[in-house]
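[1] Just to be clear, the model below is a prediction. Sequence and coordinates:
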Amino acid sequence: MNKPLRALLCLTALIAVGCGTTPLPAAPVAATAGLSDASAASTGSTGSSARSSAGTTTGSSAVSSPLARCRVAAAKPSLTTAGRLRASVSRAGCAKEARLRIRIKKSVLGPDRVVKSGSRVVRNARLTMTTTGRCVSGVYYTTATDAAGHVAVSRKARIKCPAVPKPSPTPDPTPSENPGGGTGGAVGTSVENEVVRLTNVEREKAGCKPLVHEARLHTAARNHSADMSAKNYFSHDSQDGRSFVDRIKATGYSFSSIGENIAKGQSSAAEVVRGWMNSQGHRENILNCSYTQIGVGYVAAGGPYWTQDFGRP
């Protein structure tokens, strides 16, 4: 499909399942990864608030009627063995479903900062959430709210993160071409590797691990950019009918999930990554923390044409 300059398209697959391709303005989305729920007991009398020795506070309606036993509770955050913050909230004694939201907040000067937020529609359940980003020492607490107006705030917890050894600096590999299979050696040109670097900068901000430039994904991405350039089209589907899933499979890459972003007309790596980040579907591919590898293909003629292929073996 023909597109004007500075066009963008994206696709995502879970063992070859496609996603939408219409760019939309990005909007903040609360992270919900790491949520788990389990049934919560609903015994006990109600009150405006209560605290437990475990650092949990509960909130409920001020009405003392048996029909007003619905309440929420929040447990103070703790540090996991992996150096991540974990907190939980619960909802109990409720007859109707409502959206239960959990927030981990950090106490700072001025308005307290939300470190992570998630929600789920439940009746009576417990939600547990774990952060994925780098641990930062400080004072944290948990809040629980539901759509019925119940609120609970945990006691504050002072978190001291374990020291992380600084990695030894290593020189950047000399950019080179490596279109063959396998993962050894340098992959991609300097322009393509700059796209990988800028993509990983955005992932780090979202708490995702960096992507590795993988040779077979690079082959699929480079070949598709070259094909669009040679045949003057712009689409996730090649003119011979192959989808991005077919092209990645043809390189010998085995995957559990894959995705693709393409663009045309952007003059630099910074411009194309900025354009993808300003489009909801492309942003979701870039910030999908389940992906571990990437291939970037750049061809200047007639475009430039840009392709990002994401994968998880």
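    Ah, there it is. Numbers count the residues shown, from 1 in each chain.

[2] Mind checking what secondary structure residue 105 has?
    Residue 105 carries the three-state label strand when classified by DSSP: H, G, I helix; E, B strand; the rest coil.

[3] give me the beta-bridge partners of it?
    Beta bridges link residue 105 to residue 114, residue 141 when assigned by DSSP bridges.

[4] Now do the same contact list for it.
    Applying Cβ atoms under 8 Å, 6 or more residues apart in numbering to residue 105 gives the contacts 112-115, 140-143. Just so you know, the C-beta spots here come from the backbone N, C-alpha and C atoms, and that holds for glycine as well.

[5] Out of those residues, the closest to residue 127 would be?
    Distance to residue 127 across the contacts of residue 105 (Cβ to Cβ) is lowest for residue 142, with 10.4 Å.

[6] pretty sure the closest one is touching residue 151, no?
    No. Counting by Cβ atoms under 8 Å, residue 142 stays clear of residue 151, with 11.8 Å between them.

[7] between the two, who's got more neighbours?
    Neighbour totals were compared for residue 142 and residue 151, and residue 142 leads with 29 against 15 (other Cβ atoms under 10 Å).

[8] ranges for the helices of the stretch 201-313 of the chain?
    Assigned helices in the stretch 201-313 of the chain, in chain order: 215-231, 244-250, 269-277, 280-286 (criterion: DSSP state H, counting those that start in this stretch).

[9] How about residue 98: what's its closest non-neighbour residue?
    residue 147 (4.1 Å; Cβ to Cβ, 6 or more residues apart in numbering).

[10] Let me know the average pLDDT across stretch 188-208.
    Across stretch 188-208, pLDDT averages out at 95.

[11] repeat for stretch 301-313
    Averaging pLDDT along stretch 301-313 gives 95.

[12] do the same with stretch 82-89
    For stretch 82-89, mean pLDDT is 90.

[13] So for it, what gets flagged as buried?
    For stretch 82-89, burial by neighbour count (16 or more other Cβ atoms under 10 Å) applies to 84-89.

[14] Keep only those of those residues that are in strands.
    Secondary structure from DSSP state E places 85-89 of these in strands.

[15] quick one on the thing from earlier: the residue nearest to residue 98: neighbour count?
    13.

[16] any idea how far residue 308 is from it?
    Using Cβ to Cβ, to the nearest Å, residue 147 is found at 38 Å from residue 308.

[17] same thing with residue 210?
    14 Å.

[18] Between the two, which is the more surrounded one?
    Higher neighbour count among residue 210 and residue 308: residue 308, with 27 against 14, using other Cβ under 10 Å.

[19] So what pairs up with the closest residue to that one other than its chain neighbours in the strands?
    By the measure of Cβ to Cβ, 6+ apart, the closest residue to residue 308 outside its immediate chain neighbours is residue 261, 4.2 Å from it. Taking DSSP bridges as the rule, residue 261 bridges to residue 10, residue 308.

[20] is it true that residue 261 touches residue 288?
    No. Counting by Cβ under 8 Å, residue 288 is not a contact partner of residue 261; they are 10.9 Å apart.

[21] the more surrounded of those two?
    The neighbour comparison of residue 261 against residue 288 (other Cβ under 10 Å) goes to residue 261, with 33 against 17.

[22] Point to the helix or strand of the protein where mean pLDDT is at its lowest.
    In the chain, the helix or strand scored least confidently by mean pLDDT, DSSP states H and E is strand 49-51, which has a mean of 39.

[23] From residue 75, how far out is the residue nearest to residue 308?
    39 Å.

[24] Quick one: residues contacting residue 305.
    Per Cβ under 8 Å, 6+ apart, neighbours of residue 305: 225-226, 228-229, 234, 262-264, 297-299.

[25] one step back: switch the ones in strands among the buried residues of stretch 82-89 over to CSV; also include distance to residue 270.
    CSV is the format used below for these (distance: Cβ to Cβ, whole Å):
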residue, distance to residue 270
85, 32
86, 36
87, 37
88, 40
89, 40
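
[26] All the strands of the stretch 151-300 of the chain, residue numbers only.
    Along the stretch 151-300 of the chain, the segments classed as strands by DSSP state E, counting those that start in this stretch run 151-153, 157-159, 212-213, 257-264, 293-299.
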